[in-house]
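Asker: Sequence isn't available, so here's the structure alone:
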């Protein structure tokens, strides 16, 4: 199952590390507790829209870009799940027996 919060956390963590920022730095800039940001990055907590906007500001990344990246990541995971799903086998039909003329 694809989890939005896990993909979101991965993208936020990736952006933070790309910028060379620590959790503490992002926490101060976003005014969000360090522990809560850590839980969001690990996909353990859901971020409210207000909190997510604060994190995006601290990470100098538009919210629309974050949501677009999450949507793309979720779409890729969904496609992989569909591709990996076994092909259903059609049920066998009973042979048709012709009625004999008596």
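Answerer: Structure received. For clarity, every value in this text was computed on a predicted model and none was experimentally measured.

Asker: quick one, helices of the protein?
Answerer: Ranges of helices within the chain are 4-18, 23-30, 34-41, 49-58, 63-84, based on DSSP state H.

Asker: now the ones you listed as CSV including distance to residue 97, mean pLDDT and mean neighbour count?
Answerer: All C-beta atoms are positioned from the backbone trio N, CA, C, and that covers glycine. Listed next are the helices of the chain as CSV, based on distance: least, C-beta to C-beta, whole Å; pLDDT from 0 to 100; neighbours: other C-beta atoms under 10 Å:
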stretch, distance to residue 97, mean pLDDT, mean neighbour count
helix 4-18, 54, 95, 18
helix 23-30, 72, 97, 16
helix 34-41, 64, 96, 18
helix 49-58, 65, 96, 17
helix 63-84, 39, 90, 13
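
Asker: Turn these into a markdown table, including distance to residue 91.
Answerer: Shown next, in a markdown table, are these (distance: least, C-beta to C-beta, whole Å):
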| stretch | distance to residue 91 |
| --- | --- |
| helix 4-18 | 36 |
| helix 23-30 | 54 |
| helix 34-41 | 46 |
| helix 49-58 | 47 |
| helix 63-84 | 22 |
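
Asker: looking at these, which is closest to residue 93?
Answerer: helix 63-84 (27.1 Å; C-beta to C-beta).

Asker: just checking, what packs against the closest one?
Answerer: helix 4-18, helix 49-58 (3 or more C-beta pairs under 8 Å, 6 or more residues apart in numbering; DSSP states H and E).

Asker: for residue 66, what are its contacts?
Answerer: Residue 66 is in contact with 8, 11, 12, 15, 52, 56, counting by C-beta atoms under 8 Å, 6 or more residues apart in numbering.

Asker: could you measure the last one against residue 73, distance?
Answerer: Read that as residue 56. Note on residue 56: its distance to residue 73, by C-beta to C-beta, to the nearest Å, is 16 Å.

Asker: hmm, back to that, kindly reformat the contacts of residue 66 as a markdown table containing distance to residue 46.
Answerer: Below are these laid out as a markdown table (distance: C-beta to C-beta, whole Å):
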| residue | distance to residue 46 |
| --- | --- |
| 8 | 9 |
| 11 | 14 |
| 12 | 13 |
| 15 | 18 |
| 52 | 9 |
| 56 | 15 |
